[in-house]
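Chemist: Only the shape, not the letters, is given here:
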């Protein structure tokens, strides 16, 4: 999976914020035609150990939600930790790992924010633009915005608002479990994103794409079908 030509990553935090402001206008909150015929969905996650990134991407068959390919990439992290600039720490490693993926996904789910971000460009939105693919942010915690608590049953949800702007959905994916913060990344509408996340849940808090990616980033090896 190749990214489009993109901006440099060796920038200061001030320059990174300017890039986010420039890119945010390119995000499209409209369903791509390819979402009508999803064959593969990919999950992306990253773990940090000793200031090194372990980036993982797992491709799943959308019908069965079984993994069909996964790759891992480990690298140093030159960019400092700055709230709101996560993508500048993590995207370079993710772009490197994506190049090794044998499967071209139709949809990407990212463990992180989409537009539910102070500058409306979290890592899922950033990656959506770089890959030019429908992308969903599936974050485990809130970065910005306010919401009511959804009901405790799986499928319950509440609006995530930033003043008068709807920026995401607070979604209960498992009974009596902490909700996820779902926001669009690129080329998808919020109701579609919520529907697709729920369709990828199999009794766990995380949808299968990011659940498997989380496991792989943590060092787990997955069993894959033999390639022809």
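Modeler: Yes, it's here. Quick caveat, the model's predicted, so the values are computed rather than measured.
Chemist: For the residue most central in space within the chain, which residues are in contact?
Modeler: Geometric centre of the chain, nearest residue: residue 110, 1.4 Å, by Cα atoms, centre = their mean. For residue 110, the contact set (Cβ atoms under 8 Å, 6 or more residues apart in numbering) comprises 43-45, 123-124, 127, 135-138, 185, 210. (C-beta placed from N, C-alpha, C; glycine too.)
Chemist: next one: residue 141
Modeler: Per Cβ under 8 Å, 6+ apart, neighbours of residue 141: residue 181.
Chemist: can you check the one 4 residues further on too?
Modeler: With Cβ under 8 Å, 6+ apart as the criterion, the residues that contact residue 145 are 116, 160-162, 167-168.
Chemist: Report the two of the residues you listed separated the most.
Modeler: 116 and 161 (10.2 Å; Cβ to Cβ).
Chemist: Check whether residue 74 really touches residue 48, as I assumed.
Modeler: No - using Cβ atoms under 8 Å, residue 74 is not in contact with residue 48; the gap is 10.7 Å.
Chemist: Identify the contacts common to those two.
Modeler: With Cβ under 8 Å, 6+ apart as the test, residue 74 and residue 48 both reach residue 54.
Chemist: Could I get the full set of helices for this structure?
Modeler: 13-23, 86-98, 123-131, 190-199, 208-217 (DSSP state H).
Chemist: Between those helices, which one is closest to residue 54.
Modeler: Of the helices of the chain, nearest to residue 54 by Cβ to Cβ is helix 208-217, at 5.3 Å.
Chemist: so what does that closest one touch, helix or strand wise?
Modeler: Under the contact criterion of 3 or more Cβ pairs under 8 Å, 6 or more residues apart in numbering; DSSP states H and E, helix 208-217 touches strand 40-49, strand 52-61, strand 67-76, strand 107-110.
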